[in-house]
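Novice: My questions are about this predicted structure, shown below with the sequence.
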Amino acid sequence: MPGWAIVLVIVGLLGLLTLQDLLQPRHAIRRVYPLVGRLRYLVERVGPELRQYIVTSDLEERPFNRAQRSWVYQNAKGVNAAVGFGTQRDPSAPGSYHFLPSAFPTLTEEAPEDPRPVVIGATRPRPFLVRSRVNIAPMSFGALSAAAVTALAEGAAEAGAYINTGEGGLSPYHLAGGGDVVFQIGPAKYGVRTPDGALDWAKVEEWGRHPQVRAFEVKLSQGAKPGKGGILPGAKVTEEIAAIRGIPVGHASHSPNRFTEFHNVPELIAFVERMKATVPVPVGVKVALGDAGFIDALAAELARSGRGPDYVSVDGAEGGTGAAPLSLSDHMALPLRDAVIEVDDAYRRHGVRDRIVIIAAGRTITGADAAQSLAVGADLVNVARGFLFALGCIQALRCHENTCPSGVATQSKWRQRGLVPVEKAPRVANYARAVQEDLMVVTRAIGLRSPGELRREHLEVVVDVGRRMKASELYPYPPLALRVLEETDTDAFLQWAS
């Protein structure tokens, strides 16, 4: 065969492969970067062998290492995510934690799933019955693409989880799939603002009547950038996003770093109470915790007058999908475990822990991560970046540049075409169910039936080489006994709700 014919055959084959990549809907990288994108899968396949000699180990990358990302990818695809040859972690390293398994674990058939859903705002006109302990954390449309939000919303609905809108307002894509939605309102009041930037209470009331809106969340701060408002680059402010948020097209959108409506706890309480009087659903606050006196004041007011938020969403300093200044990301706010303990302890001290729901968010990937948050005091967990991995995120760290190669965090139509919601939504649902089941695996191994029964005494922390402490000893509970909703209370609510 002459040389020119060989070249022609090669070019033809490459052309066919390129066409196949452009038309297939399953792999975002290949769809946006045809032919070249195939190299990623080749490198992934031979990566473990190469890393024995060069580059990094599976546990060295940050913010999420290769082992964590692989666990998400495998579960999202519904393939075997088990590991072989033992753990790669050092179980004796200071700061590591482990759970204390029971000699007589709970049989799977005794607790196939969590029997105790969480009720937020049990006394509200429309309480929120949350059936999944694992839900989708706040991520705004604008920061994420329409395709990404659509896939997340549809996947959450399929898995019985809720999706939080983030502070960018409620878009039609959040309502895809017909699932539960938490409407977050930040200092810029996107989606419910007047032209001069004030809160439009009529719009709040209107959204409060929407059957899919199950709660409102007042965002005080977030783990990615505590004390700083969000930034959406002008390149991402399309006509659609501008209309949803109520801002000018093409101009960078800067959210203030706090609400102007309140500047102390009494004024915050008054603001929350006005919102509760406006909408029938629960109202909560989101905070990256600093001074523990703030949360103590909220708990004290709930004990004194019954006023205040129905839930507190706690963002750890390690959390955050948004771009942020390095100083804030690295050195501001309490880590998640410490922050959750502060909130849990505050409401216990004042005897009202049974009247508040605590949600934890911050670098949660597996069921063990979720179980740790529940053991130290949370009722629910929100997951952000884990769900982005389920969508196909490759941790390119370009979230703030509008050039996300997987179509997740970009408004580029070309890059978005790689993310096909009908293909990615089932992966989101698979991952949500996998984390929930992983959480139940941990729960049953400890000898419990519900993740809601996890306590600090079930968790042990390595504080030094050869020295371990139960979390209940390292972080002792306040003297006042915890009062919880009895099983009969939950059963009565479920009967009412049905």
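Specialist: Yep, it's here.
Novice: switch to C-alpha atoms for all contacts and neighbour counts from now on
Specialist: Fine.
Novice: Report the mean confidence score over stretch 263-270.
Specialist: Averaging pLDDT along stretch 263-270 gives 96.
Novice: Kindly report the same for stretch 173-186.
Specialist: 96.
Novice: Equivalent analysis for stretch 435-448, please.
Specialist: For stretch 435-448, mean pLDDT rounds to 97.
Novice: and for that stretch, what are the contacting residues?
Specialist: Outside stretch 435-448, the residues that touch it by Cα atoms under 8 Å, 6 or more residues apart in numbering are 99-102, 104-108, 111-114, 132-134, 365-368, 370-371, 449-451, 454, 458.
Novice: Alpha carbons only: can I get that stretch in PDB?
Specialist: Taking Å, rounded to 0.1, in the frame of the first residue of the first chain, the C-alpha atoms of stretch 435-448 are listed here in PDB:
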ATOM      1  CA  VAL A 435     -23.200   8.000  50.100                       C
ATOM      2  CA  GLN A 436     -26.500   7.300  51.900                       C
ATOM      3  CA  GLU A 437     -25.900   3.500  51.800                       C
ATOM      4  CA  ASP A 438     -22.300   4.000  52.800                       C
ATOM      5  CA  LEU A 439     -23.500   6.000  55.800                       C
ATOM      6  CA  MET A 440     -25.900   3.100  56.700                       C
ATOM      7  CA  VAL A 441     -23.000   0.600  56.400                       C
ATOM      8  CA  VAL A 442     -21.100   2.600  59.000                       C
ATOM      9  CA  THR A 443     -24.200   2.900  61.100                       C
ATOM     10  CA  ARG A 444     -24.900  -0.800  61.100                       C
ATOM     11  CA  ALA A 445     -21.300  -1.700  61.800                       C
ATOM     12  CA  ILE A 446     -21.500   0.300  65.000                       C
ATOM     13  CA  GLY A 447     -24.600  -1.600  66.000                       C
ATOM     14  CA  LEU A 448     -27.200   1.100  65.400                       C
END
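Novice: Break down the stretch 251-400 of the chain into its strands, ranges please.
Specialist: Taking DSSP state E, counting those that start in this stretch as the test, the strands found in the stretch 251-400 of the chain are 253-254, 283-287, 311-315, 357-361, 380-383.
Novice: show me where the stretch 1-150 of the chain has strands.
Specialist: 97-99, 118-120, 128-130, 134-136.
Novice: Tell me which of those strands lies nearest to residue 302.
Specialist: Ranking these by proximity to residue 302 (Cα to Cα) places strand 118-120 first, at 15.0 Å.
Novice: quick one: strands adjacent to that closest one?
Specialist: If you go by DSSP bridges, strand 118-120 pairs up with strand 128-130 (antiparallel).
Novice: Just the mean pLDDT for the strand it pairs with, thanks.
Specialist: Mean predicted confidence for strand 128-130 is 97.
Novice: Tell me which residues are up against that strand.
Specialist: With contacts defined as Cα under 8 Å, 6+ apart, strand 128-130 is touched by 117-122, 161-162, 214-215, 281-282.
Novice: I'd like to know which of the strands of the stretch 251-400 of the chain has the weakest mean confidence.
Specialist: Of all the strands of the stretch 251-400 of the chain, mean pLDDT reaches its minimum on strand 253-254 (a mean of 78).
Novice: and that one, what other elements does it pack with?
Specialist: Strand 253-254 sits against strand 231-232, with contacts defined as 3 or more Cα pairs under 8 Å, 6 or more residues apart in numbering; DSSP states H and E.
Novice: so where is the stretch 301-450 of the chain shaky, pLDDT-wise?
Specialist: Within the stretch 301-450 of the chain, the segments meeting pLDDT under 70 span 319-324.
Novice: any chance you could map the helices in it?
Specialist: 326-331, 336-349, 367-376, 385-391, 413-416, 421-446 (DSSP state H, counting those that start in this stretch).
Novice: Between those helices, which one is closest to residue 255.
Specialist: Proximity to residue 255 (Cα to Cα) singles out helix 326-331 among those, at 16.1 Å.
Novice: circling back: please identify the most buried of the helices of the stretch 301-450 of the chain.
Specialist: Comparing the helices of the stretch 301-450 of the chain by mean neighbour count (mean count of other Cα atoms under 10 Å), helix 385-391 comes out on top with a mean of 26.
Novice: what about the stretch 1-150 of the chain, any weak spots by pLDDT?
Specialist: For the stretch 1-150 of the chain, the ranges with pLDDT under 70 are 1, 5, 9, 39-62.
Novice: returning to that earlier point: dump the strands of the stretch 1-150 of the chain into a markdown table; add distance to residue 23 and mean neighbour count as well.
Specialist: Rendered in a markdown table, the data for the strands of the stretch 1-150 of the chain read as follows (distance: least, Cα to Cα, whole Å; neighbours: other Cα atoms under 10 Å):
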| stretch | distance to residue 23 | mean neighbour count |
| --- | --- | --- |
| strand 97-99 | 46 | 18 |
| strand 118-120 | 43 | 21 |
| strand 128-130 | 39 | 19 |
| strand 134-136 | 30 | 27 |
